[in-house]
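**Student:** All I have is the shape, not the residue letters:
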């Protein structure tokens, strides 16, 4: 499910961070698409944590009508089959934006953001955030 964040019109620095709580291995990529259609990867996590420390993604006036696509891949293959579903149910991802008109905005993922493989070994969580 998409989320929206109001950046405002000034020259404020818009910041983003992501915190993951999981027993699995996690990897995250943050993509930015600006209004002219340019698409780039602005940050990747380490190979294990999936966390993205607070980063500046741009200035509020430059990010108007841009969007973020955050994709996190989790590996639960080392867990016994019966424990994978429990690990998925306890998964916590917190997306945090700050610096814009919406202030400090924090939210988690929605159930329709998560796709799991048939055996729950690999899980992908995709979140779209529209910057207005």
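**Tutor:** Done, it's in. Remember, predicted model here, so these are calculated numbers, not experimental data.

**Student:** doesn't residue 62 fall inside a strand?
**Tutor:** No. Counting by DSSP: H, G, I helix; E, B strand; the rest coil, residue 62 is not part of a strand but helix.

**Student:** How about it, nearest residue that isn't a chain neighbour?
**Tutor:** Spatial nearest neighbour of residue 62, chain neighbours left out: residue 34 (7.4 Å); criterion: Cβ to Cβ, 6 or more residues apart in numbering. No exception for glycine: its C-beta is placed from N, CA and C like everyone else's.

**Student:** hang on, the one you found packs against residue 59?
**Tutor:** No. Using Cβ atoms under 8 Å, residue 34 makes no contact with residue 59, being 11.5 Å away.

**Student:** For burial, what's the neighbour tally of the residue nearest to residue 62?
**Tutor:** 16 (other Cβ atoms under 10 Å).

**Student:** Equivalent analysis for residue 47, please.
**Tutor:** 9.

**Student:** What is the neighbour count of the residue nearest to it when sequence neighbours are not counted?
**Tutor:** Excluding the flanking residues, the one nearest residue 47 by Cβ to Cβ, 6+ apart is residue 27, at 5.9 Å. Residues near residue 27, counting by other Cβ under 10 Å, number 17.

**Student:** now the most centrally placed residue in the chain, which residues is it bridged with?
**Tutor:** Geometric centre of the chain, nearest residue: residue 70, 3.8 Å, by Cα atoms, centre = their mean. Beta-bridge partners recorded for residue 70 (DSSP bridges): residue 30, residue 127.

**Student:** Please spell out which residues along the longest helix along the chain are buried.
**Tutor:** Longest helix in the chain by number of residues (criterion: DSSP state H): helix 81-89. By 16 or more other Cβ atoms under 10 Å, the buried positions in helix 81-89 come out as 84, 87-88.

**Student:** And stretch 54-72, what's buried?
**Tutor:** 57-60, 63-64, 66-68, 70, 72.
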